[in-house]
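Asks: For reference, the sequence and a predicted model appear below.
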Amino acid sequence: MRRATREVMVGKVGVGGKNPIRIQSMTTSDTKDVAATVAQIMKLADHGCEIARVTVQGLNEAKACEEIKNSLISKGYEIPLVADIHFFPKAAMSVADFSDKVRINPGNYVDPRARFIQKDFDEDSYQKELNRIDEKFSPLVLKLKKLGKPLRIGTNHGSLSDRIMNRYGDTPEGMVESALEYTRVCRKYDYHDIIFSMKASNTAVMIEAYRQLVKKLDALGWNYPLHLGVTEAGEGEDGRVKSAIGTGSLLLDGIGDTIRVSLTEDPWEEIDPCKRLAALANHEIGEYQLNTFQKPKPSAVLHRDGSVILKEKTKRSDAHLTEHALIADHLHLKRFNLSSDSIEAQKFSLIQSEKVAIVNKESWEVLKDLNPSCIIYKGPYNTARKFYSWLSANALEIPVFWGFEYAGQRSQITIQAAAECGSLLVDGLGDGLAIQTPYDVMFEENLSFAILQGSRRRTTKTEFISCPGCGRTLFNLQEVAAKIREKTAHLPGVKIGIMGCIVNGPGEMADADFGYVGSKPGLIDLYVGKECVEKNVPFESAELKLIDLIKAYDRWVEPVAKNSTTC
């Protein structure tokens, strides 16, 4: 049962209330190119997208939205159109007439781009800042109220104002307060058609921000719906895993009314993982609950930050699992390859062994006497937190590996495993993964390590923070991201941000070690952390300059030749 929220109408599509989880995406075309943008929106709608967003950075884009909307209607498409606003209130005021919803970023609607400067705000100076927000933001609120149109207050972790960061830090708490500053203005004018989002590329930050927001809203008695998403998730399996961990964790808690999976791919590729997440939530959702983080304890088995156990695919002839709740057995631990920590062997005649309890059901009392070295939990996902609580209540500090079994297509398993296992790992529950699928161990290994990394537990490869692209993007984002990934994917622990424009960078990649940001047509800015270290680098040489920068900061290692072997 989802958290109860009020219904907010976006065009003819209801969000919140008793409506299903709604699916959204965003165009990547230049909004002024009406034909291209209309074509993308129609393709999105044909794939099952229910709400489409376009970037509106100026008055020309705002005017184009009128043509886009009219063209869609003339072609029989009633999909709602959302205008995405950064930095330019005049564009919001203009486009409100032509769009079905306006999204503003409270970090930059009134405030300039954050300069990450230290400044003390006393109560008087802080109140003056809030009065300025009221003065600049209230005209949009009053216009939307008159038109009967909704607003998304979309906080992003990487674009908080200097005011917020000086008082709250670059934190989930700051993200929540950034949104509430603007919400208080809405409520002052009795405007309530509001949807919230709390996006971040860091899944742990994103989940905590939404949870803090929900806690605050529940305490205030405000029941506005929530739009969920992990921003700048990247592409391919890693992008889907990160999105499923962040969005899926909250959906499985009963939180969230509409979702977007942001991928550095064509926008319609986002719809399938959205559908899978929504279907998973509808199938597995229990009573709405507000889970909390626990600090993970270093594992007593294998790797301290989380381990991966793989099982041989050949059928065992010497033993078999029964329907009993617990089976004590031995685990043969050996190096499998460069990444995985162990493999559960087919044969159990061991020189060195560990005592393992395999838990299938809720008959857990025998664990008190069994005293195993570790537990592989194969019970259903919806009892996993209860099981962990039982261990804690009985003072049993036994390492737990989530051993859920999955069937179906690879794409389905990727989403489901990331959502279920990631929701537990990101909260500090469990010491690793021992998942089983119908596919080969390399698929299970790659997926398991992607989940560990996406859960912010164990980093084993380069992390790419790349935006999905929009009408502001200044270069071919997919092509550039693929080239940078090819050249730098061998740098475990290094985070690289790839942003199509200065709106999404540097703030949105604040979690990255190095950043590649489109600044002007044909020009790139390069960052180390939040600091721009090279401006206006010609596009043709920017990739090599980025690599030189990584080398200059001693984060580069030479890639291992593909035909080499490691013992």
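Replies: Noted; the coordinates are in hand. Residues are numbered from 1 along each chain as shown.
Asks: so what's the closest residue in space to residue 449 that isn't next to it in sequence up against?
Replies: Nearest residue to residue 449, sequence neighbours excluded (C-beta to C-beta, 6 or more residues apart in numbering): residue 460, at 5.0 Å. Yep, even glycine has a C-beta here, placed from its N, CA and C like the rest. With contact taken as C-beta atoms under 8 Å, 6 or more residues apart in numbering, residue 460 is in contact with 339, 449, 452-453, 492.
Asks: Mind checking what secondary structure residue 517 has?
Replies: At residue 517, secondary structure determined by DSSP: H, G, I helix; E, B strand; the rest coil is strand.
Asks: Count the neighbours of it for me.
Replies: Other residues near residue 517 come to 26 when the count uses other C-beta atoms under 10 Å.
Asks: Would you check how far apart the residue nearest to residue 449 and residue 531 are?
Replies: Distance from residue 460 to residue 531, counting by C-beta to C-beta, to the nearest Å: 27 Å.
Asks: Excluding its own residues, what touches the helix or strand where residue 35 lies? List them.
Replies: Taking DSSP states H and E as the definition, residue 35 sits inside helix 34-47. Residues outside helix 34-47 that contact it (C-beta under 8 Å, 6+ apart): 25, 27-31, 52, 54, 64, 67-68, 71-72, 75, 77, 79, 81, 267-268, 271-272, 471.
Asks: just stretch 121-130 next, same as before
Replies: With C-beta under 8 Å, 6+ apart as the test, stretch 121-130 has contacts from 163, 166-167, 181.
Asks: hmm, which of those residues are the buried ones?
Replies: 163, 166, 181 (16 or more other C-beta atoms under 10 Å).
Asks: how about low-confidence regions in the chain?
Replies: Within the chain, the ranges that satisfy pLDDT under 70 run 116, 285-287, 299-301, 312-354, 504-508, 510, 561-567.
Asks: residue nearest the centroid of it?
Replies: The chain has residue 230 as the residue nearest its centroid, 2.3 Å off, counting by C-alpha atoms, centre = their mean.
Asks: That residue: what's it in contact with?
Replies: Residue 230 touches 199-201, 203, 206, 242-243, 245-247, 261-262, counting by C-beta under 8 Å, 6+ apart.
Asks: start to end distance for stretch 54-61?
Replies: 9 Å (C-alpha to C-alpha, to the nearest Å).
Asks: tell me which residues in it are buried?
Replies: 54-58, 61.
Asks: ok, which stretches of the stretch 351-500 of the chain are strands?
Replies: With strands called from DSSP state E, counting those that start in this stretch, the stretch 351-500 of the chain shows them at 354-359, 374-377, 400-402, 432-433, 463-466, 495-499.
Asks: chain center to the fourth one, what's the gap?
Replies: The chain centre lies 20 Å from the centre of strand 432-433; the measure is C-alpha atoms, centre = their mean, to the nearest Å.
Asks: for stretch 182-190, the distance to its chain's centre please.
Replies: With C-alpha atoms, centre = their mean, you get 28 Å for stretch 182-190.
Asks: And stretch 27-40, by the same measure?
Replies: On C-alpha atoms, centre = their mean, the centre of stretch 27-40 falls 25 Å from that of its chain.
Asks: and that stretch, how far apart are its ends?
Replies: First residue to last in stretch 27-40 (C-alpha to C-alpha) measures 6 Å.
Asks: Can you list the buried residues in it?
Replies: In stretch 27-40, counting by 16+ other C-beta under 10 Å, buried: 27-32, 34, 37-38, 40.
Asks: Please identify which of the residues you listed is nearest to residue 107.
Replies: Distance to residue 107, by C-beta to C-beta, is smallest for residue 31 among these, at 21.4 Å.
Asks: Next up, the contacts around the closest one.
Replies: 37, 54-57, 61, 64-65, 68, 471.
Asks: same deal with residue 249?
Replies: 203, 207, 419, 422-423, 426-427.
Asks: returning to that earlier point: inside strands: which ones of the contacts of helix 34-47?
Replies: 25, 52, 54, 81 (DSSP state E).
Asks: could you dump the residues you listed to CSV with distance to residue 310?
Replies: Below are the ones in strands among the contacts of helix 34-47 laid out as CSV (distance: C-beta to C-beta, whole Å):
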residue, distance to residue 310
25, 35
52, 41
54, 45
81, 47
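Asks: coming back round to it: pull the most distant pair out of the contacts of residue 31.
Replies: The widest separation within the contacts of residue 31 (C-beta to C-beta) is 14.8 Å, between 57 and 68.
Asks: Setting aside sequence-adjacent positions, which residue approaches the residue nearest to the centre of the chain most closely?
Replies: In space, residue 230 is closest to residue 246, 3.9 Å off (C-beta to C-beta, 6+ apart).
Asks: Please report the distance of residue 428 from residue 200.
Replies: Remark: distance between residue 428 and residue 200 (C-beta to C-beta) = 18 Å.
Asks: Which one's more surrounded, these two?
Replies: residue 200 (26 against 16).
Asks: just checking, the more buried one touches residue 209?
Replies: Yes. With contact defined as C-beta atoms under 8 Å, residue 200 reaches residue 209; the gap is 6.5 Å.
Asks: Would you mind grabbing the residues shared as contacts by the two?
Replies: Counting by C-beta under 8 Å, 6+ apart, the residues touching both residue 200 and residue 209 are 157, 175.
Asks: wouldn't residue 284 be in contact with residue 248 here?
Replies: No. Taking C-beta under 8 Å as the definition, residue 284 is not a contact partner of residue 248, at 9.6 Å.
Asks: how far is stretch 389-398 from where the chain is centred?
Replies: Offset of stretch 389-398 from its chain centre (C-alpha atoms, centre = their mean): 30 Å.
Asks: how long is it end to end?
Replies: In stretch 389-398, first residue to last residue: 12 Å (C-alpha to C-alpha).
Asks: Can you tell me the element the closest residue to residue 167 other than its chain neighbours falls in?
Replies: Nearest non-adjacent residue to residue 167, counting by C-beta to C-beta, 6+ apart: residue 121, 6.3 Å away. Of the helices and strands defined by DSSP H and E, none includes residue 121.
Asks: Tell me the one of the ones in strands among the contacts of helix 34-47 nearest residue 216?
Replies: residue 25 (28.4 Å).
Asks: Tell me what that closest one is bridged to.
Replies: Residue 25 has these beta-bridge partners by DSSP bridges: residue 52.
Asks: wait, what's in contact with it?
Replies: Residue 25 neighbours (C-beta under 8 Å, 6+ apart): 44, 49, 52-53, 260, 267-268, 270-271, 274.
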